[in-house]
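Chemist: structure of the sequence below:
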Amino acid sequence: MAEKRFKILICDGMVAEGLAIFEKEPRFEVINQKGIPREELLAKVPECEGVVVRSATKIDKEAIEAGKRLKVVARAGVGMDNIDVEAATQRGVVVMNTPDGNTTSAAEHTMALMLSLLRNIPKADAKMRTGGWDRNKFTGHELFGKTLGIIGLGRIGRQVAKRAQSFEMKTIGADPFASAESAARDGIELVDLDRLLATSDIITLHTPATEETRGMIGKANIAKMKKGVFLVNCARGALIVDDDLAEALKSGQVAGAAIDVYTKEPPENCPLVGLENVVTTPHLGASTEEAQINVGITIAHQMIDALLEREVRNAANMPLLGAEDRRVLGPFIKLADELGQFAGQIVEGSLEKVEVHFQGEVASRDISPLTTAALRGAISNLMPETVNYVNAPVLAKMRGLKVESSSDTEATGFTNLVTVSVTTPKGTRSVSGTVFEGQDASRIVAIDDYMVEAKPLGHILLIRNKDQAGVVGLVGTVLAKNGINISSMSIGPHKKEPVALGVINVDQPVPPEALVELKSSDLILSARSLRIA
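Modeler: Prediction:
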């Protein structure tokens, strides 16, 4: 019987060192087509087992569904905004990235932008090229003695801190997940966001673009900053409200900004590009020869090992399981991840501990992949980098987060039950769930002391209300006024008190004004919008 061959489509180019690794494997055939047109992508992907992209090519649901033989989509880099991970997961396609490959490059580019901004290097260079010599006009500022506020203490944020400390800067950081102890080990004082904004001379962003962080550098937070602050963004363009920052740059509230990433790339009519006190670069954070070599070599090895069923590393959507365990535990891994996401979004304060408890038949198997899934879900919206089943335990350990699991093969009420509890300084919240039948039958059955039956899927409105008549009508009226459709609703009473908890699945995010209106009613005690990916 002939050995199976694999065809790999490389869409955005790859360094020679990465291509050489594929060429040494006789069972692999590479189609290297940088800048592949959309029509050709859809025509070629059906014959390929693997696809490698950087940031240019979009592997969306249409492309994944066209890939009838597709097994692995690999991002030669960190961010996976151009890959539909959910669609890939539904098709059983592994999505992987290279989270460590460009850490050094991104940290160094952050420092390069910081120095260029404070020492007016781009403007001075431009003046010299036209024959000018105006030293007084380009007087700058030292980094020495300045306070650097780092928003997001992942790999890159901590490497920036290390480099800033060599300039004898004071480094402070804000991260809802990091512990004060782990930050202190890296010479960083952990503070809340408001204090960071108020005391930093320079602020640098190193956090992902989530529902919580999008637009975080907007009018309200800019007003909290020290007048004359400098801002650097090498993370995600969506973190900044461009118009608000442009206004602050013109007024002097923000003295200058250095920007490498944009809401739309290439930027179109971006109000920041071209301002006198802004330094801009075209998303060069990972654009060094060393980073591209590291990423190319790493992704080639990962792709080969995954397709030859040796090992799966840096997967965004799967733990490591044998075929039989995957068949049995697969639905519960998905459930544990969803419960973790839910629990992680309903707590307040920095995470200290994640506990997972398993009851029933599932407890007789290796529960470590389920624990990892619950952990990944709990921290997925809080981390500066992409969190997957491989790096979640490492990231948790790095930040001093305790992770515990326990099991009991004796079922109580359900054949199988998974409970995820998340602890912060403000208390512990727990979410329990089960799988009734099939892959798509995950259900939340309890939240703290409330009994419910709800789908942990998509956009969710979570309310706590008085257990009185009129709640359903009020919620329906407010959501309808905002054009939001309800797909399902579960309202469960508290075991001891005259209050209830409502889990309402909706087809789009609930806007802040709708939440404010709901909370203004005497019937509603709290309301928040969640999203389960």
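
Chemist: which parts of this protein belong to which domain?
Modeler: Structurally, the chain divides into domains by automatic domain parsing as follows: 1-101+286-317, 103-280.

Chemist: got the buried residues for the longest helix seen in the chain?
Modeler: With DSSP state H applied, the helix covering the greatest number of residues in the chain is identified as helix 323-346. When neighbours are counted by 16 or more other C-beta atoms under 10 Å, the buried residues of helix 323-346 are found to be 329-346. Heads up, the C-betas are built off the backbone N, CA and C, glycines and all.

Chemist: elements contacting that helix?
Modeler: With contacts defined as 3 or more C-beta pairs under 8 Å, 6 or more residues apart in numbering; DSSP states H and E, the packing partners of helix 323-346 are strand 353-360, helix 368-379, strand 416-424, strand 427-435, strand 442-447, strand 524-532.

Chemist: and these as CSV, adding mean neighbour count?
Modeler: Listed next are the helices and strands packed on helix 323-346 as CSV, based on neighbours: other C-beta atoms under 10 Å:
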stretch, mean neighbour count
strand 353-360, 21
helix 368-379, 26
strand 416-424, 23
strand 427-435, 20
strand 442-447, 22
strand 524-532, 18
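
Chemist: and D305, which of the ones you listed is closest to it?
Modeler: Go through those one by one with C-beta to C-beta and the one that ends up closest to D305 is helix 368-379, at 18.5 Å.

Chemist: contacts for whatever helix or strand comes next after the closest one?
Modeler: Downstream of helix 368-379, the next assigned helix or strand under DSSP states H and E is helix 392-398. Contacts to helix 392-398, defined as C-beta atoms under 8 Å, 6 or more residues apart in numbering, come from residues G154, S182, V354, T372, L375, R376, I379, M383, E385, V387, V403.

Chemist: tell me the one of those nearest K495?
Modeler: Proximity of the contacts of helix 392-398 to K495, judged by C-beta to C-beta, is greatest for V354, which lies at 23.8 Å.

Chemist: residues contacting N82?
Modeler: Taking C-beta under 8 Å, 6+ apart as the contact definition, N82 lies against V53, S55, A56, T57, K58, I59, R75.

Chemist: just give the number of residues close to T130.
Modeler: Look at T130: counted by other C-beta atoms under 10 Å, it has 6 neighbours.

Chemist: what's the closest of the helices and strands packed on helix 323-346 to A161?
Modeler: With distances scored as C-beta to C-beta, the stretch of the helices and strands packed on helix 323-346 nearest to A161 is helix 368-379 (20.2 Å).

Chemist: helices or strands next to the closest one in the packing?
Modeler: Contact here means 3+ C-beta pairs under 8 Å, 6+ apart; on that basis helix 368-379 packs against helix 323-346, strand 353-360, helix 392-398, strand 402-408, strand 416-424.

Chemist: buried stuff in the fourth one?
Modeler: Buried residues in strand 402-408, defined by neighbour count with 16+ other C-beta under 10 Å: V403, S405, S407.

Chemist: alpha carbons only: can I get the helix or strand harbouring V472 in CSV?
Modeler: Secondary-structure assignment from DSSP H and E places V472 in helix 471-481. Listed in CSV are the C-alpha atoms of helix 471-481, where the atom choice follows Å, rounded to 0.1, in the frame of the first residue of the first chain:
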residue,chain,number,x,y,z
VAL,A,471,-39.3,40.3,33.9
VAL,A,472,-39.8,38.4,30.6
GLY,A,473,-41.9,41.1,29.2
LEU,A,474,-39.5,43.8,30.2
VAL,A,475,-36.5,42.0,28.7
GLY,A,476,-38.3,41.3,25.5
THR,A,477,-39.4,44.9,25.1
VAL,A,478,-36.0,46.4,25.7
LEU,A,479,-34.3,43.9,23.4
ALA,A,480,-36.9,44.4,20.6
LYS,A,481,-36.5,48.2,20.9
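
Chemist: beyond that helix, next helix or strand please.
Modeler: Once helix 471-481 ends, the next helix or strand along the chain (criterion: DSSP H and E) is strand 486-493.

Chemist: buried stuff in that next one?
Modeler: Using 16+ other C-beta under 10 Å as the test for burial, strand 486-493 gives M489, S490, I491, G492.

Chemist: which one of the residues you listed sits closest to Y262?
Modeler: For the buried residues of strand 486-493, the minimum distance to Y262 (C-beta to C-beta) is 39.3 Å, reached by M489.

Chemist: separation between that closest one and L501?
Modeler: M489 sits at a distance of 12 Å from L501 (criterion: C-beta to C-beta, to the nearest Å).

Chemist: again, but for N482
Modeler: From N482 over to L501 the distance is 21 Å, taken as C-beta to C-beta.

Chemist: same question, G360
Modeler: Taken as C-beta to C-beta, the spacing of G360 relative to L501 amounts to 24 Å.

Chemist: cool, L249 as well?
Modeler: When C-beta to C-beta is the yardstick, L249 and L501 sit 45 Å from each other.

Chemist: now do stretch 70-79, average pLDDT.
Modeler: Averaged over stretch 70-79, pLDDT sits at 90.

Chemist: endpoint to endpoint, it covers what distance?
Modeler: 21 Å (C-alpha to C-alpha, to the nearest Å).

Chemist: which parts of it are buried?
Modeler: By 16+ other C-beta under 10 Å, the buried positions in stretch 70-79 come out as L70, K71, V72, V73, A74, R75, A76, G77, V78, G79.

Chemist: so what touches that stretch?
Modeler: Here stretch 70-79 makes contact (C-beta under 8 Å, 6+ apart) with 12, 14, 18, 45, 48-55, 59, 64, 82-83, 88, 91, 93-99, 101-102, 236, 286, 295-296, 299, 302-303, 306-307, 385-386.

Chemist: mark which of those are part of helices, please.
Modeler: In helices, judged by DSSP H, the following of the contacts of stretch 70-79 are found: G18, I64, A88, V295, G296, I299, Q302, M303, A306, L307.

Chemist: filter the residues you listed to the buried ones?
Modeler: The neighbour-count test (16+ other C-beta under 10 Å) applied to those identifies G18, I64, A88, V295, G296, I299, Q302, M303, A306, L307 as buried.

Chemist: wait, the last one sits on V52?
Modeler: No. With contact taken as C-beta atoms under 8 Å, L307 and V52 are classed as non-touching, separated by 11.8 Å.

Chemist: poorly predicted segments of the chain, please.
Modeler: Counting by pLDDT under 70, the low-confidence segments of the chain come to 1-2, 90, 318-327, 384-386, 390, 411, 437-440.

Chemist: now the farthest one out in it, which residue is it?
Modeler: Here the centre of the chain is the reference, and by C-alpha atoms, centre = their mean the most remote residue is G131, at 46.7 Å.

Chemist: report the secondary structure state of it.
Modeler: When classified by DSSP: H, G, I helix; E, B strand; the rest coil, G131 comes out as coil.

Chemist: now it: how far from N120?
Modeler: Distance check for G131 against N120: by C-beta to C-beta, it reads 18 Å.

Chemist: please apply the same query to V279.
Modeler: V279 is 9 Å from N120, where distance means C-beta to C-beta.

Chemist: ok, the residue nearest to G476 when sequence neighbours are not counted - contacts?
Modeler: In this structure, G476 finds its nearest non-sequential neighbour in I486, 6.7 Å apart by C-beta to C-beta, 6 or more residues apart in numbering. Taking C-beta under 8 Å, 6+ apart as the definition of contact, the neighbours of I486 are V475, G476, L479, I504, N505, V506.

Chemist: which one of the contacts of N82 is nearest to E453?
Modeler: Lowest distance from E453 to the contacts of N82 (C-beta to C-beta) belongs to I59, with 35.2 Å.

Chemist: hmm, back to that, show me which of L249 and L501 is the more surrounded one.
Modeler: The residue with more neighbours, out of L249 and L501, is L501; 24 against 21, by other C-beta under 10 Å.

Chemist: what's the first helix or strand after the helix or strand harbouring that one?
Modeler: When elements are assigned from DSSP H and E, L501 belongs to strand 499-506. Proceeding C-terminally, strand 499-506 gives way to helix 512-519 as the next helix or strand, assigned by DSSP H and E.

Chemist: neighbour-wise, which of the contacts of I486 leads?
Modeler: V475 (25 neighbours).

Chemist: just to revisit the earlier point, got the buried residues of strand 402-408 as CSV, with distance to K519 columns?
Modeler: Compiled in CSV, the buried residues of strand 402-408 are given as follows (distance: C-beta to C-beta, whole Å):
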residue, distance to K519
V403, 34
S405, 36
S407, 39
